[in-house]
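Asks: got a predicted structure here, sequence first:
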Amino acid sequence: MGLEHEFYLISNTTDVKDFWMIRERNNSVIDSVVIHDDLIQYIFDTLEWIPSKNPALSRTPNGRGLNYHGVTLFDKQSSVTLISIFSSWRDLFKNAPNILELTGEFVYAKSGKMLGEYEKKVFNKDEVIKQFEKIISMSAQLAEGDYYLYHCGI
């Protein structure tokens, strides 16, 4: 299955400090979606534009983007940018063939010389669009101000 990023829509009354440890059996989860790490890496630069917070740090400081290896908290302030970025990617990927092939990182040949090639990351277009639409829907609920979108990195 590989590395994944989990996103949970939760009430803003949820204790976010330790949520990541009990997320699977937590009654405050309203909705969720899982996105493969290869896809997150592909769109990562644009995710750095999203206002966010780090609930793992004292006083949950404001920041930007995803905490790739940790947890990230998105709130009402994040909603417009989240919707815009994921809507843009969704709309772009709608033009792709059913098998979505994206270029990954450069992989060197086993000998370590410059000979090598770029990895090809293969996704089902409909599944990617469905995941992005779920993020868009959850982000629209963030705009109401009563929710958080909680991200658990790899």
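Replies: Arrived safely.
Asks: so where do the helices sit in the chain?
Replies: Counting by DSSP state H, residue ranges of the helices within the chain are 19-22, 37-47, 76-93, 125-142.
Asks: quick one: those as JSON lines, columns for mean pLDDT too.
Replies: Converted to JSON lines, the helices of the chain look like this (pLDDT from 0 to 100):
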{"stretch": "helix 19-22", "mean pLDDT": "72"}
{"stretch": "helix 37-47", "mean pLDDT": "97"}
{"stretch": "helix 76-93", "mean pLDDT": "98"}
{"stretch": "helix 125-142", "mean pLDDT": "98"}
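Asks: can you redo these as TSV with mean neighbour count and distance to residue 31?
Replies: (Glycine included, C-beta is placed from N, CA and C.) What follows is the helices of the chain, written out as TSV (neighbours: other C-beta atoms under 10 Å; distance: least, C-beta to C-beta, whole Å):
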stretch	mean neighbour count	distance to residue 31
helix 19-22	14	14
helix 37-47	17	18
helix 76-93	17	14
helix 125-142	18	6
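Asks: wait, which of those helices is closest to residue 105?
Replies: Closest to residue 105 of these, according to C-beta to C-beta: helix 37-47, at 8.1 Å.
Asks: alright, calling it a day.
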